[in-house]
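J.: Turn this into a structure:
(one chain, ligands or ions: 2)
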Amino acid sequence: MPTIASDATWWRQAAVYQIYPRSFADSNGDGIGDLKGITAKIPYLVELGIDAVWLSPFYPSALADGGYDVDDYRNVDPRIGTLEDFDEMSAALHAAGIKIIVDIVPNHTSDRHEWFQEALASPKGSAARERYIFRDGKGENGELPPNSWGSIFGGGAWEQITEPDGAPGQWYFHFFAKEQPDLNWDNPEVHEDFLKTLRFWADRGVSGFRVDVAHMLKKNLDPAYDALRTLMFGEASVFHDGQHPLFDRDEVHEIFADWRKVFNEYNPPRTAVAEAWVPAHRRARYASPEGLGQAFNFDLLQADFDAAQFRKIIADNLAFAAESGTSSTWVFSNHDVIRHATRYALPGNAAKAGAQWLLDGGDPAALDIPRGLRRAKAATLLMLALPGSAYLYQGEELGLQEAGQIPSEQRQDPTFFRTQGEQIGRDGCRVPLPWEPDGTSFGFGPAGAHLPQPEWFAHYAASVEEKDPASTLAFYRRALALRHELQGAETLVWEQASDDSVLHFVRPGGWHVVANFGSAPVALPAGEVLLVSADVEDGKLLGEATAWIRA
Ligand code: GLC
Ligand code: CA
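T.: Ligands and ions are numbered 1, 2, ... in the order given. Below is the predicted model of the structure:
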């Protein structure tokens, strides 16, 4: 049985498993995963050997953006359960030694949130409107948006409202879907309310928070910036001095300094991880002990399966984390990206090739699935040996592939609709999990599933993999159990590798990690082979494989 650190530093090298609640396990047959479903699967989580679960939003929501459009931050969506179900799940997880991280979505509420409804019903200039970002339109009658900024999900970033008297009215800013109006973080009431939300969940035994788009809360919508046409994540690079009108502004850290004070009211202090799409050198302030404590590092997720890229990313991020007195995070898959077993099953740049594959119809026949899985396991075994916390996404432990072929009419991601299908969106990694090889929803629940599961999901069923010592699930279990045993100080020493396509490092206690990104077999250092992601032949590690060795 894995043991978990109960001290204030438990998160520093934790293995955190992300649950997308609607797609994990459905207890009552309405096709939607729920909290009781999670509770029922705790034995599975214990066997897997994780330290914490991170739950994507389970709050009341119209699901315009998969729950990232929150109606009420201090409640549970009735389709997912009740606060009592949450307490029951929390008690059972804690009894099993698993901590809980919840998702906090502070950049925007849903348009059904009582604040937004109040803003719509209140006049221009009212206090209710001041909680959001309202502006008058341009043109003779205000019929044009205040500026030409675009939403990351496609289309414009402004939506016009109808005033309470029926006249065409002001416009509000929404960087995401129009159902996700951005909050005005210059308003102290907004700030106070989120402190209340943090305390609400911390009081309920939550150990940490994943902070959605943490880098966007503070904005400067001065019309002086209006001329900047598109303001997409990637194009923000021109502004990495903390002065971009929307992203990564220096003042955002004033918010998190106050959150930290709340976290430190608890024993052990609550922790948080920022989802901040900023370059590595700007990550330190989000991750600092005076701020949220940790920040996601998406560098490996965006990299190719390439030794030199991996090595640089690992070295840089360990250095940045050390600089800010924290530990790094590592992640290959989450609810926003194409599953890594699928990205790696494509030739060329993993991320770009994945997007193109989806556009081309997402046909599994176009994938080299054995290769994708081989590389995914090699990369994961490397990641699980790194100092810092490892974030795993539900289903990756089964080697699950992206479901690329969802019929348009069954898609849910606003990205798909707002771009008229030019971007396929993220539904393919959010398809409910296969627990059994048969049944109406492969054991996801007693009835159907809210997104269609392809036939081939049967091959990845947890119940089948549980019985197979050669399965991906068995491999993850073994890796996580060993990680617990082997993990010591957060240091790593690089060894000279035999070849440019090989990485070799040692963790304290003689834990050697050799990752072969090339295709030719390579010699392994002397010692006991603890785990390999593929076979060892004649004492050599095969191509696209990682080995853990105790020397
Ligand atoms: C984050 C979430 C993503 C969501 C967006 C808006 O990037 O991970 O799923 O769509 O924020 O809340
Ligand atoms: Ca359900």
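J.: What is the burial count for whichever residue of the stretch 401-550 of the chain sits closest to ligand 2?
T.: Nearest residue of the stretch 401-550 of the chain to ligand 2: Gly445, at 6.2 Å (Cβ to the ion). To be clear about C-beta, it is placed using only N, CA and C from the backbone, and glycine gets the same treatment. As a burial measure, Gly445 scores 24 neighbours (other Cβ atoms under 10 Å).
J.: how about the nearest residue to Phe305, chain neighbours excluded?
T.: Of all residues not flanking Phe305 in the chain, Arg375 sits nearest, at 4.9 Å (Cβ to Cβ, 6 or more residues apart in numbering).
J.: Kindly report the same for Ala52.
T.: Ala52's closest residue in space is Lys99 (Cβ to Cβ, 6+ apart), at 4.0 Å.
J.: what do you get for Arg311?
T.: According to Cβ to Cβ, 6+ apart, the nearest residue to Arg311 is Leu503 (5.6 Å).
J.: Name every strand pairing with the helix or strand harbouring that neighbour and say which way it goes.
T.: Using DSSP states H and E, Leu503 sits within strand 502-507. If you go by DSSP bridges, strand 502-507 pairs up with strand 493-494 (antiparallel), strand 511-516 (antiparallel).
J.: So for ligand 1, which of these sits nearest?
T.: Among the strands paired with strand 502-507, strand 511-516 comes nearest to ligand 1, with 28.1 Å by Cβ to the nearest ligand atom.
J.: one step back: doesn't Ala379 make contact with the residue nearest to Arg311?
T.: No - if you go by Cβ atoms under 8 Å, Leu503 and Ala379 don't touch, sitting 10.9 Å apart.
J.: any residues in contact with both of the two?
T.: Common contacts of Leu503 and Ala379, defined by Cβ atoms under 8 Å, 6 or more residues apart in numbering, comprise 310, 515.
J.: quick one, which of the two is more surrounded?
T.: Neighbour count, other Cβ under 10 Å: between Leu503 and Ala379, Ala379 has more, with 27 against 21.
J.: where does this structure dip in pLDDT?
T.: Scanning the chain for pLDDT under 70 picks out 1-6, 228-240.
J.: How many neighbouring residues does the residue lying closest to Glu130 once chain neighbours are set aside have?
T.: Once flanking residues are discounted, Glu130 sits nearest to Asn187: 5.5 Å by Cβ to Cβ, 6+ apart. Asn187 has 15 neighbouring residues, counting by other Cβ under 10 Å.
J.: wait, doesn't Asn187 sit right on Arg129?
T.: No - assessed by Cβ under 8 Å, Asn187 is found out of contact with Arg129, at 10.2 Å.
J.: for the residue of the stretch 401-550 of the chain closest to ligand 2, helix, strand, or coil?
T.: coil (DSSP: H, G, I helix; E, B strand; the rest coil).
J.: Enumerate every residue touching the spatially closest residue to it that is not a sequence neighbour.
T.: Distances taken as Cβ to Cβ, 6+ apart put Asp26 closest to Gly445, at 2.7 Å, once the chain neighbours are dropped. Residues in contact with Asp26 (Cβ under 8 Å, 6+ apart) are 32-34, 37, 432, 441, 444-447, 449.
J.: Then Ser27?
T.: Neighbours of Ser27 in contact, by Cβ under 8 Å, 6+ apart: 34, 36-37, 40, 445.
J.: run the last query once more with 10 Å
T.: By Cβ atoms under 10 Å, 6 or more residues apart in numbering, the residues touching Ser27 are 33-41, 81, 85, 445-446.
J.: contacting residues around stretch 483-493?
T.: Applying Cβ under 10 Å, 6+ apart, the contact partners of stretch 483-493 are 1-5, 9, 12-13, 15, 49, 51, 314-315, 318, 321-322, 326-328, 381, 384-388, 390, 504-511, 513, 530-531, 548, 550.
J.: Can you tell me the element Val262 falls in?
T.: Applying DSSP H and E, one finds Val262 within helix 252-263.
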